[in-house]
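Engineer: Fold the following, please.
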Amino acid sequence: MGCLFAKVARVGRLSPLLRVAVFALLGMGVLALFPQPVHAQLLRDGIAAVVNDKVITYLQINEQVAETEKLLRQNPQGDELVDRLREARLNVLKALIDRELIIQDFKKLGGTIPDTFVNARIEDEIRERYGGDRTVFIKTLYERGETIAKFRDEIQDNAIVQYMRAKNISQTVLVSPYQIEQYYENNLRLFQQDEQVKISTIVLRKSQYPSTKTTSDGKVVTYDSQEAIAKEILYKLDTGADFAELAKAYSEGSNKDDGGALGWVTARGKLAIRADLWPYIRSLQPGQHTDIIATSDGFYYIVQVEDRAKAKITPLEDVRKQIEDTIINQQSQIRQQQWLDGLRAKAYIKMFL
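Structural biologist: Next up is the predicted model:
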């Protein structure tokens, strides 16, 4: 051990890149000297990656992956859980590497973030999240194990990343009218509006316990009193009663006060009606209603069609801005990948995860 630490003492005379590499190698040697529990602790707090002369630690990864890990542990188990946890940590590590590359590139180009900017952001944070109380702010940092200096560094690094992404990606993307028109023509299916049906509903919950009655021939039979009400409603509809008035009087749906009005629905998509109702209304014309529909989750439905709108393609002018935003987003992702690939190609990167 003494020989090992003597070597560490001499590392300080090496170049930054060699110094990081030597520390990584020495770290592997140190791990071999400790039992498994201590080994795990060193791995958790040790080097996860080297980016030029900067180190990314397992602690940094754990801080960012903690919430994701909680969610993952709620469902899958065994090998699937191990694979998903590893994937989550690897994604975080790659993001931290990209972040470090961006910050280093900014500093290499001679960029600086003014202290006035950082000070202003800190004051904003204190005012917005801590009611202007600096003492509470500092106490909170202390409880999280942070310092003002570290907090300032985070603000500065966030500003650098935001500036560099805007400089290298967002501000360079221009979309021509021709690109928008081509995207529209090549993706017409994305702008197809399905047939829509405007409906109203009357909803009754099935009885929890059956009722009994004696027939004219003296037999005792069981029946659902709610179904009997539904049949009465259906009879009134068939003899000219107003659907909205019946919905207000009988329906147990949340839309009863609106006369059962449910609005426009489709077979699929954001406006999709429940799948077991669509077959009953897809061929009805305005003013027509269904028979009683008994659903598997314990309800009786009567649905009336109020209006219909045929399937159509949304006009280009109505989606031009949407298409432009989509193209900008796609091009931004491509340019970001190219930019980061260029930074990676010029950097020394070693991952230990």
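Engineer: quick one: low-confidence parts of the stretch 51-200 of the chain?
Structural biologist: Applying pLDDT under 70 to the stretch 51-200 of the chain picks out residues 76, 170-171.
Engineer: Tell me which stretches of it form strands.
Structural biologist: Counting by DSSP state E, counting those that start in this stretch, the segments of the stretch 51-200 of the chain that form strands are 54-57, 192-193, 196-205.
Engineer: Could you export the ones you listed as a markdown table, including distance to Tyr301?
Structural biologist: Every C-beta, even on glycine, is put in place using the N, C-alpha and C of the backbone. Converted to a markdown table, the strands of the stretch 51-200 of the chain look like this (distance: least, Cβ to Cβ, whole Å):
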| stretch | distance to Tyr301 |
| --- | --- |
| strand 54-57 | 57 |
| strand 192-193 | 25 |
| strand 196-205 | 6 |
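Engineer: Can you say which of these is nearest to Ser211?
Structural biologist: When the strands of the stretch 51-200 of the chain are compared for distance to Ser211 using Cβ to Cβ, the nearest one is strand 196-205, at 14.1 Å.
Engineer: Could I get the full set of helices for the stretch 51-200 of the chain?
Structural biologist: Taking DSSP state H, counting those that start in this stretch, the helices of the stretch 51-200 of the chain run over residues 58-72, 78-108, 115-130, 134-143, 148-168, 177-186.
Engineer: The fourth one: which residues count as buried?
Structural biologist: This means helix 134-143. Of the residues in helix 134-143, those buried by neighbour count under the rule 16 or more other Cβ atoms under 10 Å are Phe137, Ile138.
Engineer: Okay, angle between it and helix 148-168 too, please.
Structural biologist: Orientation check (axes from the mean of the first three to the mean of the last three Cα atoms, to 10 degrees): helix 134-143 against helix 148-168 gives 90 degrees.
Engineer: Return the distance of helix 134-143 from the chain's centre.
Structural biologist: Chain-centre distance of helix 134-143: 31 Å, with Cα atoms, centre = their mean, to the nearest Å.
Engineer: Rebuild the helices of the stretch 51-200 of the chain as a markdown table, extending it with distance to Ile328.
Structural biologist: Supplementary listing: those in a markdown table, determined by distance: least, Cβ to Cβ, whole Å:
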| stretch | distance to Ile328 |
| --- | --- |
| helix 58-72 | 28 |
| helix 78-108 | 20 |
| helix 115-130 | 27 |
| helix 134-143 | 37 |
| helix 148-168 | 13 |
| helix 177-186 | 10 |
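Engineer: returning to what we had before: would you format the strands of the stretch 51-200 of the chain as CSV with distance to Phe117 and mean neighbour count included?
Structural biologist: Output for the strands of the stretch 51-200 of the chain, formatted as CSV (distance: least, Cβ to Cβ, whole Å; neighbours: other Cβ atoms under 10 Å):
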stretch, distance to Phe117, mean neighbour count
strand 54-57, 23, 17
strand 192-193, 47, 12
strand 196-205, 51, 22
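Engineer: right, and these - which one's nearest Gln330?
Structural biologist: Gln330 lies closest to strand 192-193 among the strands of the stretch 51-200 of the chain, at 20.7 Å (Cβ to Cβ).
Engineer: Each with direction, which strands does that closest one pair with?
Structural biologist: The strands that strand 192-193 pairs with in its sheet are strand 312-313 (antiparallel) (by DSSP bridges).
Engineer: I would like the residues contacting the strand it pairs with, please.
Structural biologist: With contacts defined as Cβ atoms under 8 Å, 6 or more residues apart in numbering, strand 312-313 is touched by Leu188, Phe191, Gln192, Gln193.
Engineer: Could you double-check that the last one sits in contact with Thr314?
Structural biologist: Yes. Taking Cβ atoms under 8 Å as the definition, Gln193 is a contact partner of Thr314 at 5.9 Å.
Engineer: Excluding sequence neighbours, find me the nearest residue to Gln336.
Structural biologist: Taking Cβ to Cβ, 6 or more residues apart in numbering, and ignoring the residues beside it in sequence, Gln336 has Ile169 as its nearest neighbour in space, at 5.1 Å.
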